[in-house]
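**Student:** Take this sequence and fold it.
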Amino acid sequence: MSWTILVLAGLLEIGWAIGLKYTEGFTRLWPTLGTVAAMVSSIVLLGVAMKSLPVGTAYAVWVGVGAVGTAILGMVLLGEPSNPGRLISLGLIVAGIIGLKLASH
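**Tutor:** I've put the predicted structure just below:
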C-alpha cells in the first residue's frame, strides 16, 4: 500500500509542477488554489508513505516520478523539445525508479 501512496504522491507532484506554469506567478486564483492543494496533498502522502518505506528510497521515487511526469507533460502540453537525449535520460530515471522498487524488498 505504501508504494501506491508514494506513486500517487508523485503524480500529485506532477500536478503541482505543471500547475505552477498556469498560476502565472501565483496571480491566477484557481490555478493557484489547485497547485497549492496538489502541493500539500503530495507532501502529506509522501509523509504517509515514509512511515514504512526508507526515506532515501521514498524521496528518490517521489522526485523521479515527478520529474519524469513533468518532463513528459512539458513536451506534450507546453511544446518543450523531445529529442533523443531527453527521452533516453528520462528512461534512465524510470530505470532507477524500478531499480529502487526491486531493491527495496
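**Student:** what are the phi and psi angles of the spatially closest residue to G74 that is not a sequence neighbour?
**Tutor:** Once flanking residues are discounted, G74 sits nearest to E80: 4.1 Å by CB to CB, 6 or more residues apart in numbering. All C-beta atoms are positioned from the backbone trio N, CA, C, and that covers glycine. Backbone torsions of E80, given as degrees, to the nearest 10, read phi -70, psi 150.
**Student:** Could you check how far E80 is from A38?
**Tutor:** Computed as CB to CB, to the nearest Å, the E80 to A38 distance reads 20 Å.
**Student:** Could you do M1 as well?
**Tutor:** For M1, the distance to A38 - CB to CB - is 21 Å.
**Student:** cool, and S89?
**Tutor:** According to CB to CB, S89 stands 25 Å off from A38.
**Student:** So if I had to pick from those two, which one is more boxed in?
**Tutor:** A38 (20 against 14; other CB atoms under 10 Å).
**Student:** ok, the more buried one - contacts?
**Tutor:** Counting by CB atoms under 8 Å, 6 or more residues apart in numbering, A38 makes contact with 12-13, 15-16, 19.
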